[in-house]
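*Asks:* Sequence first, then the predicted structure:
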Amino acid sequence: MKKNKGFTLVELIVVLVILAILAAILIPTLTGYIQKARETVCQTQRKSLERYFKTMYVAEDEIRGAKDLLEIKAVLGGQDVLDYMVGQRYCEEKETVCPVYHVQYQMDFRLNASGQVEVEFACPCVKESVLGYVSLAEKIYGDKWASGEYKKGQGRDVLIKDLFNERGSLLEVSSSFTSGTVFEGKKLYWRPYWLSDGSMILYAGEDSGSGTNQWKANLVYADGVVYVSQAKSWSGAASPAGIAGIHASGSYDAADEWLRANNFGVK
């Protein structure tokens with residue numbers, strides 16, 4: 001009679017080894033494809049939000065009179081623009097959240113010199129955007145605050161290092177922020193700084209490393225507004241001003257008051 005012969009132990013081990021090798025090769029590749037697909041969805045959503053916003057801007061008279069994001073928020077009574085767009089059914093709530101990092105998009109808006117609408121929606125996916133930079137800093141801060149790694153009044157220097165390590169560098173300040181200021185032509189780098197309520201601002205200094213730049217700022221970016229240091233050195237040259245005292249500010253409005261009272265003017 002014929003005998004049924006199964007796999008030997010050696011043969012089973014060989015099969016398992018082959019499967020493990022294939023998994024080691026295929027899983028990272030598949031993960032990369034999934035990540036790429038999510039980034040593509042994110043890019044599509046941001047472009048769609050730009051179209052939805054422009055539709056709303058044209059359709060609503062009060063909003064159409066606004067010239068920057070602060071004026072739009074004033075028209076909306078302080079309500080977040082994306083929340084308003086969802087409430088008025090210009091878009092769906094899921095479209096306002098990055099599918100990669102699961103954070104709500106950051107928005108900036110202005111009218112250019114020709115009166116044309118310029119709007120940007122950004123998240124940590126947008127590595128070279130100031131809004132994407134803020135969003136990434138908020139993501140790192142939120143995760144580490146929740147885990148207890150950052151404490152109230154502590155860790156701002158650690159956040160700078162964490163953001164530096166995440167990106168491999170600090171974000172260089174674009175010429176659009178320095179043009180027309182006393183710091184035009186200087187190479188500056190943005191650093192994150194959270195206020196006491198968790199709101200994120202940026203301050204710019206000449207040092208490109210992961211340190212604090214001695215808590216001195218040439219420029220400060222807060223909620224779409226750029227502030228310029230008005231401090232002078234002993235020789236009368238423009239110099240950065242200290243921002244260490246801003247830590248007690250519990251909101252963007254409080255930070256605005258502090259900056260105006262402490263050697264900073266609005267660009």
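*Replies:* Nice, I can see it.

*Asks:* Would you state the helices of this structure in chain order?
*Replies:* 9-59, 61-64, 69-75, 81-87, 130-146, 156-167, 175-178, 252-261 (DSSP state H).

*Asks:* Could you pull out the buried residues of the fifth one?
*Replies:* This means helix 130-146. Neighbour counts over helix 130-146 (16 or more other Cβ atoms under 10 Å) mark 130-141, 145 as buried. Placement of C-beta: from N, CA and C, glycine included.

*Asks:* Of the residues you listed, which is the nearest to Val75?
*Replies:* Leu131 (20.7 Å; Cβ to Cβ).

*Asks:* give the contact list for Met56.
*Replies:* Counting by Cβ atoms under 8 Å, 6 or more residues apart in numbering, Met56 makes contact with Ile63, Met85, Gln88, Tyr90.

*Asks:* follow-up on the earlier one: want to throw the helices of the chain into CSV with distance to Gly245?
*Replies:* Formatted as CSV, the helices of the chain follow (distance: least, Cβ to Cβ, whole Å):
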stretch, distance to Gly245
helix 9-59, 36
helix 61-64, 36
helix 69-75, 24
helix 81-87, 31
helix 130-146, 20
helix 156-167, 13
helix 175-178, 23
helix 252-261, 7
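
*Asks:* Save these as a markdown table, and put in distance to Trp190 and mean pLDDT too.
*Replies:* Output for the helices of the chain, formatted as a markdown table (distance: least, Cβ to Cβ, whole Å; pLDDT from 0 to 100):
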| stretch | distance to Trp190 | mean pLDDT |
| --- | --- | --- |
| helix 9-59 | 21 | 83 |
| helix 61-64 | 29 | 89 |
| helix 69-75 | 18 | 86 |
| helix 81-87 | 23 | 94 |
| helix 130-146 | 6 | 90 |
| helix 156-167 | 9 | 93 |
| helix 175-178 | 9 | 88 |
| helix 252-261 | 16 | 94 |
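
*Asks:* Give me whichever of those is most buried.
*Replies:* helix 130-146 (a mean of 20; mean count of other Cβ atoms under 10 Å).

*Asks:* Quick one: list the elements packing against it.
*Replies:* Helix 130-146 sits against strand 106-111, strand 117-122, helix 156-167, strand 189-194, strand 200-205, with contacts defined as 3 or more Cβ pairs under 8 Å, 6 or more residues apart in numbering; DSSP states H and E.

*Asks:* which one of the ones you listed lies closest to Gln43?
*Replies:* If we rank those by Cβ to Cβ, the stretch that ends up nearest is strand 117-122, at 10.3 Å.

*Asks:* Direction included, what does that closest one pair up with?
*Replies:* strand 106-111 (antiparallel) (DSSP bridges).

*Asks:* What average pLDDT does the partner strand get?
*Replies:* Per-region confidence: strand 106-111 scores 84 on mean pLDDT.

*Asks:* and for it, what are the contacting residues?
*Replies:* Outside strand 106-111, the residues that reach it (Cβ under 8 Å, 6+ apart) are 53, 66-69, 72, 81-82, 117-123, 130-132, 134-135, 224.

*Asks:* circling back to that earlier point, in CSV, list the helices and strands packed on helix 130-146 along with distance to Ala244.
*Replies:* Shown next, in CSV, are those (distance: least, Cβ to Cβ, whole Å):
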stretch, distance to Ala244
strand 106-111, 26
strand 117-122, 28
helix 156-167, 10
strand 189-194, 10
strand 200-205, 11
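
*Asks:* out of these, nearest to Leu49?
*Replies:* Nearest of these (Cβ to Cβ): strand 117-122, 4.6 Å.

*Asks:* hmm, who's touching the closest one?
*Replies:* 45-46, 49-50, 53-54, 57, 105-112, 129-132, 135.

*Asks:* try 7 Å
*Replies:* If you take Cβ atoms under 7 Å, 6 or more residues apart in numbering as the criterion, strand 117-122 is touched by 46, 49-50, 53-54, 57, 105-112, 129, 131-132, 135.
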